[in-house]
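Student: Got a predicted model here, sequence first, then my questions.
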Amino acid sequence: MTDPDEARRALESIRDARTSVLQRLENIHWGYDLAYGAVIALLVGGQGLPQPFSILTVPIALGGLAVMVRWWRAKTGIWVSGYTPRRPRWVAFGLAAILITLMLGNLYASRILHLWWAPLAAGGAAFVLGIVFGRWWMRVYRKELLETGA
């Protein structure tokens, strides 16, 4: 762009778009966090259940996630993948690493050690971690939007 006014308008447009996103993300209902925690709990805890239940938990949880995405888009008009924004992506990677560890521990404890309560413990831990990390991710995402010009 060679016209300073055109460049200024373009920057204002970007700033307005970021402000709009921030406003839509202002009041996130705890229901979203609880639903996300439940999906994560089912994915992690379900792996330690006996067959065929452990296999069935994956499509049920992924279906729940798909419903959450549709609901969130309808509510806010946007959906941002947890791995897309630069800084918040590390929160998502950290959660993924912890959840994979929990899932493997659940499989070992339930299938090898035959601890009937392992899926409950792993699912409960995943539920709490999903809520905590989800809130943390959103806080980092908002901060990144603010620092990059909103």
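Tutor: Nice, thanks for sending it over.

Student: Would you mind measuring from P88 to T57?
Tutor: Using Cβ to Cβ, to the nearest Å, P88 is found at 27 Å from T57. (C-beta placed from N, C-alpha, C; glycine too.)

Student: for D33, same thing?
Tutor: In this view, D33 and T57 are 20 Å apart by Cβ to Cβ.

Student: Neighbour count: those two, which is higher?
Tutor: Higher neighbour count among D33 and T57: T57, with 21 against 16, using other Cβ atoms under 10 Å.

Student: Against which helices or strands is the host helix or strand of the more buried one packed?
Tutor: Taking DSSP states H and E as the definition, one finds T57 inside helix 53-76. When contacts are defined as 3 or more Cβ pairs under 8 Å, 6 or more residues apart in numbering; DSSP states H and E, helix 53-76 packs onto helix 30-45.

Student: the inter-axis angle of the helix it packs on versus helix 53-76?
Tutor: 160 degrees (axes from the mean of the first three to the mean of the last three Cα atoms, to 10 degrees).

Student: Give the buried residues for helix 30-45.
Tutor: 32-33, 35-45 (16 or more other Cβ atoms under 10 Å).
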